[in-house]
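# What shape does this take:
(one chain, ligands or ions: 3)
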Amino acid sequence: MAIPNMRIPSRQLFIDGEWREPVKKNRLPVINPATEEIIGDIPASTAEDVDIAVKAARRALGRNDWGSTTGAQRAKYLRAIAAKVLEKRPELATLETIDNGKPWFEAASDIDDVVACFEYYADLAEALDSKSKTEVKLHLDSFKTHVYKEPLGVVGLITPWNYPLLMTTWKVAPALAAGCAAVLKPSELASITSLELGEICREVGLPPGALNILTGLGHEAGSPLVSHPDVDKIAFTGSGPTGIKIMTAAAQLVKPVTLELGGKSPLVVFDDIPNIDIAVEWTLFGCFWTNGQICSATSRLIIQDTIASQFLDRLLEWTKNIKISDPLEEDCKLGPVISRGQYEKVLKLISTAKNEGATILYGGERPQHLKKGYYIQPTIITDVDTSMEIWKEEVFGPVLCVKTFKTEEEAIELANDTKYGLGAAILSKDLERCERFTKAFQSGIVWINCSQPCFWQPPWGGKKRSGFGRELGEWSLENYLNIKQVTQYVSDEPWAFYKSPSKL
Ligand SMILES: NC(=O)C1=CN([C@@H]2O[C@H](COP(=O)(O)OP(=O)(O)OC[C@H]3O[C@@H](n4cnc5c(N)ncnc54)[C@H](O)[C@@H]3O)[C@@H](O)[C@H]2O)C=CC1
Ligand code: BAL
Ligand code: NA
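Residues are numbered from 1 along each chain as shown. Ligands and ions are numbered 1, 2, ... in the order given. Take a look at the predicted model:
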């Protein structure tokens with residue numbers, strides 16, 4: 001259960017295993033999006049702090065207590081972190097809710113995923129020990145080759161605000177499992193639980209510098225991390241424009257990046273769905289879960305014209321039934337969006353849709369019963385044209401737009417009519433058709449007869465402007481490993497490429 005009147009712990013930057021005041025001593029306010037009140041503050045790092053943290057990370061890699069650990073030893077730290085997160089579940093979920101605005105039960109389920117993710121990467125860290133040196137068979141007997149998988153080095157992890165501690169974990173857990181030392185820069189809009197991860201690392205005795213946590217603004221703290229010459233890789237989740245800036249800056253140093261940049265994912269619904277209510281619920285969950293702030297949200301409903309009217313009627317009934325309230329309330333299903341900026345951005349996209357000729361079938365405004373907080377009603381928009389901004393741009397709020405189709409060909413064309421390529425979903429009884437759509441969708445993730453469930457074992461990531469690289473599963477571990485070829489000459493014979501000056 002949520003903890004009433006919980007206070008935000010006052011923290012500094014987590015560097016080299018200690019709490020450390022930022023060099024410039026600046027702080028940023030923490031705002032509860034449900035009340036619009038300032039409920040605390042976080043330290044604001046700058047380039048000077050980034051440099052101190054990167055040096056601490058580099059030292060950790062050079063020390064035996066982190067740099068020479070086996071996967072099995074690192075697994076013990078990851079399991080200890082998982083156990084502490086579980087112990088602090090009510091506190092962490094409450095902090096997440098008052099910082100981010102997501103319903104408490106969603107925050108608590110994120111914390112459960114955080115625990116599972118640390119445990120999963122503990123298992124993978126252990127398994128790495130038997131895979132860290134593998135022989136490669138050659139066509140010659142005079143050479144022997146093997147391949148080492150070793151930690152990539154110091155990695156910069158930049159995360160968004162929609163699943164604050166969970167997105168942090170998607171990057172931190174595999175980076176530590178691989179044996180890297182990391183500098184994490186969480187979003188300035190929701191950093192509290194990531195700072196608490198610092199306290200957990202201190203409590204479990206994670207070697208100093210293995211994980212450093214720098215809160216602060218993107219251009220002041222994120223940008224110097226990306227351009228730091230001693231950072232070997234950047235993993236980023238966030239907006240497209242910031243992804244482009246990061247890739248551009250990293251390119252100057254030929255620094256590898258993985259980018260997860262959101263989307264405008266389709267949900268295609270056919271008239272053979274066996275149960276309209278089940279389909280309607282997936283449609284709602286696909287777009288309105290996490291207050292609609294999901295990178296993979298299926299925010300474009302593409303519905304077969306033969307059932308469109310019946311489906312929309314039922315969708316309206318379900319939507320009206322969604323409880324919008326303070327996210328700490330037990331049965332809240334939709335809380336506020338993250339910030340005033342996001343609130344204004346979402347309302348502007350809705351009003352542009354209206355001005356462009358779309359119909360706001362439901363919502364589009366602040367719920368009347370909530371006078372404070374960045375609340376927006378779940379919104380359904382019809383009469384949408386593919387040239388409209390609402391069809392093309394990521395909203396990152398509880399806004400669903402709808403188009404109808406007649407044929408499979410038309411449905412797939414509409415589904416792929418986007419610059420993004422993160423997720424795509426199909427609801428249909430016909431599994432052969434689902435298979436055809438799975439192949440035709442231009443995306444990194446496909447959901448069949450559901451939308452959004454996300455597990456830590458399969459790969460996560462997109463194509464097109466949704467970015468590249470894969471997180472989660474074994475794929476994420478590969479992001480943090482250097483593959484080193486080692487070739488040994490094992491013959492007693494001379495190489496005999498040059499003519500020898502002496503006759504032996
Ligand atoms: N794909 C996703 O999961 C997310 C997408 N978004 C989208 O992005 C829009 C803007 O939200 P923001 O919070 O401003 O996203 P953002 O992409 O600017 O922020 C994400 C992270 O990048 C950092 N950052 C910002 N500028 C940077 C720079 N120049 N160099 C290095 N790091 C930098 C931020 O501090 C934060 O930690 C939202 O309205 C939403 O549409 C936002 C959050 C998550
Ligand atoms: N639930 C998926 C994570 C994301 O939206 O970034
Ligand atoms: Na906040």
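
# which residues does the spatially most central residue of the chain contact?
Centroid-nearest residue in the chain, with C-alpha atoms, centre = their mean: M167, separated by 4.2 Å. Contact partners of M167, counting by C-beta atoms under 8 Å, 6 or more residues apart in numbering, are T159, P160, T237. Every residue, glycine included, has its C-beta placed from N, CA and C.

# Also near ligand 1: which of these, exactly?
Restricting the contacts of M167 to those touching ligand 1 (C-beta under 6 Å from any ligand atom) yields T159, P160, T237.

# Take these and write them to CSV, including neighbour count.
Formatted as CSV, the ones next to ligand 1 among the contacts of M167 follow (neighbours: other C-beta atoms under 10 Å):
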residue, neighbour count
T159, 28
P160, 23
T237, 27
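
# Out of those residues, flag the one nearest to K131.
Of all the ones next to ligand 1 among the contacts of M167, K131 sits closest to T237, with 26.8 Å by C-beta to C-beta.

# I'd like the distance between that closest one and K25.
Distance of T237 to K25, computed by C-beta to C-beta, to the nearest Å: 29 Å.

# quick one on the thing from earlier: so is the helix or strand the residue nearest to the centre of the chain falls within next to ligand 1?
M167 is part of helix 164-178 when elements are defined by DSSP states H and E. No - using C-beta under 6 Å from any ligand atom, we find that helix 164-178 stays clear of ligand 1, coming within 7.2 Å at best.

# got the buried residues for that helix?
The neighbour-count check on helix 164-178 (16 or more other C-beta atoms under 10 Å) flags 164-178 as buried.

# Run through the residues you listed and flag the ones next to ligand 3.
Of the residues in these, proximity to ligand 3 by C-beta under 5 Å from the ion holds for none.

# so what strands line up beside the helix or strand hosting G156?
Per DSSP H and E, G156 falls inside strand 154-158. The strands that strand 154-158 pairs with in its sheet are strand 181-185 (parallel), strand 233-237 (parallel) (by DSSP bridges).

# Would you convert those into JSON lines that also reports mean pLDDT?
Below are those laid out as JSON lines (pLDDT from 0 to 100):
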{"stretch": "strand 181-185", "mean pLDDT": "99"}
{"stretch": "strand 233-237", "mean pLDDT": "98"}
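
# Comparing the ones you listed, which comes out most buried?
strand 181-185 (a mean of 29; mean count of other C-beta atoms under 10 Å).

# Report the next helix or strand after that strand in sequence order.
helix 192-204.

# and that following helix, is it in reach of ligand 1?
No - Helix 192-204 does not reach ligand 1 (C-beta under 6 Å from any ligand atom); its nearest approach is 9.8 Å.

# does any part of the strand holding G156 sit near ligand 1?
Yes - Strand 154-158 comes into contact with ligand 1 (C-beta under 6 Å from any ligand atom), by way of I158.

# Any idea how many residues pack against F14?
A count of nearby residues for F14, using other C-beta atoms under 10 Å, gives 26.

# Please parse this structure into its domains.
The record's domain split for the chain, according to the TED database, is 13-261+466-487, 266-448.

# what about the strands in the stretch 1-150 of the chain?
With DSSP state E, counting those that start in this stretch, the ranges of strands along the stretch 1-150 of the chain come out as 13-15, 18-20, 27-32, 37-43, 133-136, 143-151.

# I meant the stretch 201-350 of the chain, not that one.
With DSSP E, counting those that start in this stretch as the criterion, the stretch 201-350 of the chain has strands at 211-213, 233-237, 257-260, 266-269, 300-304.

# Kindly report the same for the stretch 401-504 of the chain.
So, for the stretch 401-504 of the chain - with DSSP E, counting those that start in this stretch - the strands run 420-421, 423-427, 445-448, 463-464, 467-468, 481-489.

# elements contacting the first one?
For strand 420-421, the contact count by 3 or more C-beta pairs under 8 Å, 6 or more residues apart in numbering; DSSP states H and E identifies strand 463-464 as packing neighbours.

# residue contacts, whichever residue of the chain sits closest to ligand 3?
Closest residue of the chain to ligand 3, C-beta to the ion: D99 (4.3 Å). Residues in contact with D99 (C-beta under 8 Å, 6+ apart) are I8, V30, N32, I39, P164, A190, S191, I192, T193.

# what two of those are the furthest from one another?
I39 and P164 (14.7 Å).

# just to revisit the earlier point, for L261, which of the strands paired with strand 154-158 is the nearest?
strand 233-237 (7.8 Å).

# got the angle for the lengthiest helix in the chain vs helix 164-178?
If you go by DSSP state H, the chain has its longest helix at helix 104-131. Counting by axes from the mean of the first three to the mean of the last three C-alpha atoms, to 10 degrees, helix 104-131 lies at 10 degrees to helix 164-178.

# CA atoms only for the helix holding M167 - export them in PDB, please.
C-alpha atoms of helix 164-178 as PDB (Å, rounded to 0.1, in the frame of the first residue of the first chain):
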ATOM      1  CA  PRO A 164      11.900   6.100 -13.900                       C
ATOM      2  CA  LEU A 165      13.400   3.300 -11.900                       C
ATOM      3  CA  LEU A 166      12.500   0.600 -14.400                       C
ATOM      4  CA  MET A 167      14.200   2.400 -17.400                       C
ATOM      5  CA  THR A 168      17.200   3.000 -15.100                       C
ATOM      6  CA  THR A 169      17.300  -0.800 -14.300                       C
ATOM      7  CA  TRP A 170      17.000  -1.800 -18.000                       C
ATOM      8  CA  LYS A 171      20.400  -0.100 -18.400                       C
ATOM      9  CA  VAL A 172      22.100  -0.400 -15.000                       C
ATOM     10  CA  ALA A 173      21.400  -4.200 -14.500                       C
ATOM     11  CA  PRO A 174      23.000  -5.400 -17.800                       C
ATOM     12  CA  ALA A 175      25.800  -2.800 -17.600                       C
ATOM     13  CA  LEU A 176      26.800  -4.100 -14.100                       C
ATOM     14  CA  ALA A 177      26.300  -7.700 -15.100                       C
ATOM     15  CA  ALA A 178      28.700  -7.300 -17.900                       C
END
